[in-house]
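Colleague: Predicted coordinates and the sequence they were generated for:
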Amino acid sequence: MRARILRFLLAAITVSASMTRSASAAGVDLAWDDCGVYGTMLKTFSCNSNVGLPFMLYGSFVPPPDIDQFVGIAAQVDVCTMTSSFVDWWAHGTGYCRGTNALFTNFDFTAGPFNCADPYLGQATGGFAYDVSFGDVDRARMRIQCAVPFDQRAPVDPNTEYYAFQVRISRSQSTGDGSCAGCSTPACIILNDIQLFQPPEAGNDPVLTNPVNDYHVNWQATVPNCPFIVSVSNASWGRLKNLYR
């Protein structure tokens, strides 16, 4: 089933550049703890513990009309600390302070929360890539993608807000021996866009950028000049394959 999802996403991304329409009446949301207006814009943490529930970041979207065969999404999220270099606490990945076990994505909303609709019904497979110092030394970009099996494609309602993804950020390495510096540093987190995918023959894979409520959140304190947009780069097949691990 996973191979089938990947084959579909390859076809969708290959044709999306020529077939994408703008989506003026739709949009995206980013919030802590839940979707859109049900979540919060600021998350604070005293950085005094390495255990406890992870911090939850939710991306959501309101689709435009004519998304009759929805199968998945691709999203781009930027983290910026506005410091002279990127802080270690937000540096995830092989060879970085936080390693590969402190950042996760989730696309299963069958156990809640339920304030927005679930377009996947527990059937989505997906993952992410995280690039430290993307665009500048004080930034990172998270590319998130997921899809349902092709035979589970279904319409989404332009009058409904849907969950797109959940990002889980561990409290690990926040204090004590082996801690990563920068947990207390304010950060601006921006949802640049969510692209909705349908079968290639539909000719309609819109990229949503307009905020429904807010497309950015803050960590520890309100960051001046947040939000701002870092240029969006197109997805590639090589990068997409790395997401499914």
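Modeller: Nice, thanks for sending it over.

Colleague: Next, count neighbours for Pro200.
Modeller: Number of residues near Pro200 (other Cβ atoms under 10 Å) recorded here: 16. All C-beta atoms are positioned from the backbone trio N, CA, C, and that covers glycine.

Colleague: for Pro158, same thing?
Modeller: Using other Cβ under 10 Å, Pro158 is surrounded by 14 other residues.

Colleague: Same question for the one 10 residues further on.
Modeller: Arg168 sits with 14 neighbouring residues when counted by other Cβ under 10 Å.

Colleague: My guess is it contacts Trp32. True?
Modeller: No - with contact defined as Cβ atoms under 8 Å, Arg168 does not count as touching Trp32 (11.7 Å).

Colleague: Need the overlap of contacts for these two.
Modeller: Contact criterion Cβ atoms under 8 Å, 6 or more residues apart in numbering; residues shared by Arg168 and Trp32: 55-57.

Colleague: Please tell me how far Asp34 sits from Cys47.
Modeller: According to Cβ to Cβ, to the nearest Å, Asp34 and Cys47 sit 23 Å apart.

Colleague: typo on my end, it should be Phe150
Modeller: On the measure of Cβ to Cβ, Phe150 and Cys47 end up 44 Å apart.

Colleague: ok, then the element right after the host helix or strand of Ile190?
Modeller: Taking DSSP states H and E as the definition, one finds Ile190 inside strand 187-197. Sequence order places strand 207-208 as the next helix or strand after strand 187-197, per DSSP H and E.

Colleague: any idea of the mean pLDDT for that following strand?
Modeller: The average pLDDT for strand 207-208 rounds to 97.

Colleague: what about the strands in the chain?
Modeller: In the chain, the strands defined using DSSP state E lie at 27-32, 42-43, 55-62, 72-80, 103-106, 125-132, 139-147, 162-169, 187-197, 207-208, 216-219.

Colleague: For Ala91, find the nearest of those strands.
Modeller: Nearest to Ala91 among those is strand 125-132 (5.2 Å), distances taken as Cβ to Cβ.

Colleague: Just give me the neighbour total for Val207.
Modeller: Val207: 18 surrounding residues under other Cβ under 10 Å.

Colleague: what's across from it in the sheet?
Modeller: Legend: beta-bridge partners of Val207 under DSSP bridges are Ser22, Gln195.

Colleague: Look up how far Asp29 lies from it.
Modeller: With Cβ to Cβ as the criterion, Val207 and Asp29 are 15 Å apart.

Colleague: what's the strand holding Ile190 packed up against?
Modeller: On a contact count with 3 or more Cβ pairs under 8 Å, 6 or more residues apart in numbering; DSSP states H and E, strand 187-197 meets helix 2-19, strand 27-32, strand 55-62, strand 72-80, strand 207-208, strand 216-219.
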